[in-house]
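K.L.:
Build me a model:
(2 chains)
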Amino acid sequence: AQSVTQLDSQVPVFEEAPVELRCNYSSSVSVYLFWYVQYPNQGLQLLLKYLSGSTLVKGINGFEAEFNKSQTSFHLRKPSVHISDTAEYFCAVSHASGGSYIPTFGRGTSLIVHP
Amino acid sequence: NAGVTQTPKFQVLKTGQSMTLQCAQDMNHNSMYWYRQDPGMGLRLIYYSASEGTTDKGEVPNGYNVSRLNKREFSLRLESAAPSQTSVYFCASSERGDYGYTFGSGTRLTVV
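P.N.:
Prediction:
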């Protein structure tokens, strides 16, 4: 079984400050890792993903994440946030199972950017 | 615009009523999924369809049924709605799970 833990339910930050949203996972097999963003009253959008290769992955809107296998983590970072980054962020992990890929989502982290 | 379309966007039901949530994708994806989102719970998988003609239970299937009508459409049915089914429902699709998922904009369902 796989699981995802997002360590912070809410992260307040001031505009132009750096931010890190933490995600830890557990799985007994190789996994694929994702971050999604959900703006108010919208569906989820894919921010970035790690499949293999370089452990630092870059996504849309200036976000990046680093895969750390030894710490089973996939933290999301942005060096300078904007008001428009205020949203809910979800970490997800999936692995192949019988030909399907079934993701497990974390409970989400609400990023609140203050002016 | 290409994507996942869900209808309706909002619905209020009385306890015991039935309804079907519709989902259609125009990206020729093989797999489709239904999730529910509740505050502080993240997204929980209700049912999924790995390919046309197959459906499987997810984490929280009780009280729901699904139909993969064709490659494009995947519907979710509540036979006898209960207040515990008040939630936001999302449909998603993917070509392959390692490519990521495309989500619809959601259906906000309230059962009174």
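K.L.:
Direction included, what does the lengthiest strand in chain A pair against?
P.N.:
Ranked by residue count under DSSP state E, the longest strand found in chain A is strand A:87-97. As defined by DSSP bridges, the strand partners of strand A:87-97 come to strand A:32-38 (antiparallel), strand A:100-105 (antiparallel), strand A:109-114 (antiparallel).
K.L.:
Export stretch B:91-108 to PDB, keeping only CA atoms.
P.N.:
This file holds the C-alpha atoms of stretch B:91-108, laid out as PDB (Å, rounded to 0.1, in the frame of the first residue of the first chain):
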ATOM      1  CA  CYS B  91     -13.900  13.300 -12.700                       C
ATOM      2  CA  ALA B  92     -10.500  12.800 -14.100                       C
ATOM      3  CA  SER B  93      -8.900  11.100 -17.000                       C
ATOM      4  CA  SER B  94      -5.400  10.000 -18.100                       C
ATOM      5  CA  GLU B  95      -3.700   8.300 -21.000                       C
ATOM      6  CA  ARG B  96      -1.300   6.700 -18.600                       C
ATOM      7  CA  GLY B  97      -1.100   7.300 -14.900                       C
ATOM      8  CA  ASP B  98       2.500   8.400 -15.200                       C
ATOM      9  CA  TYR B  99       1.500  11.200 -17.500                       C
ATOM     10  CA  GLY B 100      -0.600  12.800 -14.900                       C
ATOM     11  CA  TYR B 101      -4.300  13.400 -14.700                       C
ATOM     12  CA  THR B 102      -6.700  15.900 -16.300                       C
ATOM     13  CA  PHE B 103      -9.500  16.900 -13.900                       C
ATOM     14  CA  GLY B 104     -13.000  18.300 -14.600                       C
ATOM     15  CA  SER B 105     -14.200  21.400 -12.700                       C
ATOM     16  CA  GLY B 106     -16.300  19.400 -10.300                       C
ATOM     17  CA  THR B 107     -19.900  18.900  -9.200                       C
ATOM     18  CA  ARG B 108     -20.900  20.300  -5.800                       C
END
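K.L.:
picking that back up, what are the contacting residues of the longest strand of chain A?
P.N.:
A:2-4, A:6, A:21, A:23, A:25, A:27, A:29-40, A:44, A:47, A:74, A:76, A:101-106, A:108-111, B:42-43, B:97-98 (Cβ atoms under 8 Å, 6 or more residues apart in numbering or on different chains). In this view, the C-beta of every residue, glycine as well, is placed from N, C-alpha and C.
K.L.:
Just the buried ones among the residues you listed, please.
P.N.:
A:2, A:4, A:6, A:21, A:23, A:25, A:27, A:31-38, A:44, A:47, A:74, A:76, A:101-106, A:108-109, A:111, B:42-43, B:97-98 (16 or more other Cβ atoms under 10 Å in any protein chain shown).
K.L.:
Tell me which residue of chain A lies closest to chain B.
P.N.:
A:Tyr101 (1.8 Å; Cβ to the nearest Cβ).
K.L.:
So that residue sits against B:Ser94, correct?
P.N.:
Yes: with contacts counted by Cβ atoms under 8 Å, A:Tyr101 reaches B:Ser94, the gap being 7.1 Å.
K.L.:
Need the overlap of contacts for the two.
P.N.:
With Cβ under 8 Å, 6+ apart as the test, A:Tyr101 and B:Ser94 both reach B:Ser31.
K.L.:
For the spatially most central residue of chain B, give its distance to B:Ala2.
P.N.:
Nearest to the geometric centre of chain B sits B:Trp34, at 3.0 Å (Cα atoms, centre = their mean). B:Trp34 sits 20 Å away from B:Ala2, going by Cβ to Cβ, to the nearest Å.
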